[in-house]
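Participant: Generate coordinates for the sequence data below:
(chains A and B)
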Amino acid sequence: DGGITQSPKYLFRKEGQNVTLSCEQNLNHDAMYWYRQDPGQGLRLIYYSQIVNDFQKGDIAEGYSVSREKKESFPLTVTSAQKNPTAFYLCASSNPPGLTGELFFGEGSRLTVL
Amino acid sequence: KQEVTQIPAALSVPEGENLVLNCSFTDSAIYNLQWFRQDPGKGLTSLLLIQSSQREQTSGRLNASLDKSSGRSTLYIAASQPGDSATYLCAVIGYGNKLVFGAGTILRVKS
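Facilitator: Residues are numbered from 1 along each chain as shown, chains lettered A, B, ... in the order given. As a prediction, the model looks like this:
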């Protein structure tokens, strides 16, 4: 089945540690995205990538880093510089709007800083 | 900067009622608009995608309309069921390929 797989589903981190969230898609989509969701707030864009080896900062990129070495993979690292990392992280992918543009999401990763 | 607003923030209806969720956006230069459903603690499930050249899309009991000139979209749910209880989000994608989300409408359908 085609889809987006995020792992781990739950992650606990001590302050000062970096953690990496995995996102893999087998939909052959060019574009991939990372969003952060906090209670009572909408989704906020962290980073996005429209093509392999290229990515752009979203609205809240500070304290995060990404890479896009393969089309199917877009890992997100939450660094110790992120002041308030406890949140629900969602990965998504799509083809460009000129094709279909429909966005598909993974099941999310919940990060808690202890 | 594109802003997306969803009204109401929360809605509680009895089972069987038809209902409308509203989404408005400030910049009409969009490629498409997408409606999603999110269950608690889960990812987002795509419900309907409306391309900028379309006026509406239908899937089962769901109908979404788009009026680009006025910056509005509505999601119509017919004959609501308790299983429809979830948060509904709309999102627009504009030039630059950035998707902007509304804060969502929390729907509760009472049996």
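Participant: Setting aside sequence neighbours, what's the nearest residue to residue B:7?
Facilitator: Excluding its sequence neighbours, the residue lying closest to residue B:7 (C-beta to C-beta, 6 or more residues apart in numbering or on different chains) is residue B:22, at 4.7 Å. All C-beta atoms are positioned from the backbone trio N, CA, C, and that covers glycine.
Participant: Show the low-confidence segments of the chain, by residue range.
Facilitator: Defaulting to chain A. Chain A contains residues with pLDDT under 70 at A:1, A:97-100.
Participant: Actually, chain B is the one I wanted.
Facilitator: Judged by pLDDT under 70, the stretches of chain B that qualify are B:96-97.
Participant: Could you say which helix or strand holds the residue in it positioned nearest to chain A?
Facilitator: Proximity of chain B to chain A (C-beta to the nearest C-beta) peaks at residue B:31, 3.6 Å away. Secondary structure from DSSP states H and E places residue B:31 in strand B:30-38.
Participant: My understanding was that residue A:10 contacts residue A:109; is that so?
Facilitator: Yes: the pair residue A:10 and residue A:109 qualifies as a contact (C-beta atoms under 8 Å) at a distance of 7.5 Å.
Participant: Please identify which of those two sits among more neighbours.
Facilitator: A side-by-side neighbour count of residue A:10 and residue A:109, using other C-beta atoms under 10 Å in any protein chain shown, places residue A:109 first with 23 against 10.
Participant: and the more buried one, bridged to which residues?
Facilitator: residue A:89 (DSSP bridges).
Participant: who's in contact with it?
Facilitator: By C-beta atoms under 8 Å, 6 or more residues apart in numbering or on different chains, residue A:109 lies in contact with A:6, A:7, A:8, A:9, A:10, A:11, A:21, A:88, A:89.
Participant: which of these are buried?
Facilitator: For the contacts of residue A:109, a burial check counting by 16 or more other C-beta atoms under 10 Å in any protein chain shown picks out A:6, A:11, A:21, A:88, A:89.
Participant: how about a markdown table for these, with distance to residue A:42 added?
Facilitator: A markdown table is the format used below for the buried ones among the contacts of residue A:109 (distance: C-beta to C-beta, whole Å):
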| residue | distance to residue A:42 |
| --- | --- |
| A:6 | 19 |
| A:11 | 22 |
| A:21 | 20 |
| A:88 | 12 |
| A:89 | 14 |
